[in-house]
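>>> Quick one, structure for this:
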Amino acid sequence: MKTSLLSAGVLISFSLSSISLGYQITKNNKAASKFEKYQVPAHLTELEHKFQLADVVMIRDIFPFQKGIGLPWVFGTSEDGNHIIVRIIVTEKELPSDYNERKDAMETAAAGAVGAVLAQFGKGEVSLNDVVVEFISIENILHNTDKSYAIFSNGELTLH
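Have a look, this model is predicted:
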């Protein structure tokens, strides 16, 4: 009786250890995001960081919307960590009424934003396909709608 309980205990312990090991191996095999290597502290003092944030706020505050399109900003990375998300606020009532003019204005803004992001990385580290620009309308924000007005991805603009 004692031997069978001991054997059962060993078997249960072995089973739990195997399950735990399997979970750890699966967890460690998870593909690293493309931008994980940049998720390290920058060599910047707190004061330098505050100065940079203040500079950005001052620039944003004095820059008016151009053809209904605001200044882009880097929002972060996508949930899978493989895309940089840039957002641009638009006001629908000030966007050009002609479809082609509106599309051209938004593509120009998106291309400029993508170019600014790409310039921060070494050659070949990040490409056009790694940056997604989301246009968010003020009207949707005011109505608590998460829907994007348009998305620029892989060099193409899609209006929603």
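>>> Contacts only, for Phe63.
For Phe63, the set of contacting residues under the criterion of C-beta atoms under 8 Å, 6 or more residues apart in numbering consists of Gly70, Leu71. To be clear about C-beta, it is placed using only N, CA and C from the backbone, and glycine gets the same treatment.
>>> Recalculate using a threshold of 7 Å.
With contacts defined as C-beta atoms under 7 Å, 6 or more residues apart in numbering, the neighbours of Phe63 are Leu71.
>>> Could you check how far Val57 is from Glu92?
As for Val57, its distance to Glu92 is 25 Å (criterion: C-beta to C-beta, to the nearest Å).
>>> typo on my end, Lys50
Distance, Lys50 to Glu92, by C-beta to C-beta: 35 Å.
>>> From what I see, Ile89 and Gly70 are in contact.
Yes. With contact defined as C-beta atoms under 7 Å, Ile89 reaches Gly70; the gap is 4.0 Å.
>>> Count the residues that sit near the nearest residue to Asp80 once chain neighbours are set aside.
Sequence neighbours aside, Ser33 is the residue nearest to Asp80 in space, at 6.7 Å (criterion: C-beta to C-beta, 6 or more residues apart in numbering). Here the neighbour count serves as a burial measure; for Ser33 (other C-beta atoms under 10 Å) it reads 16.
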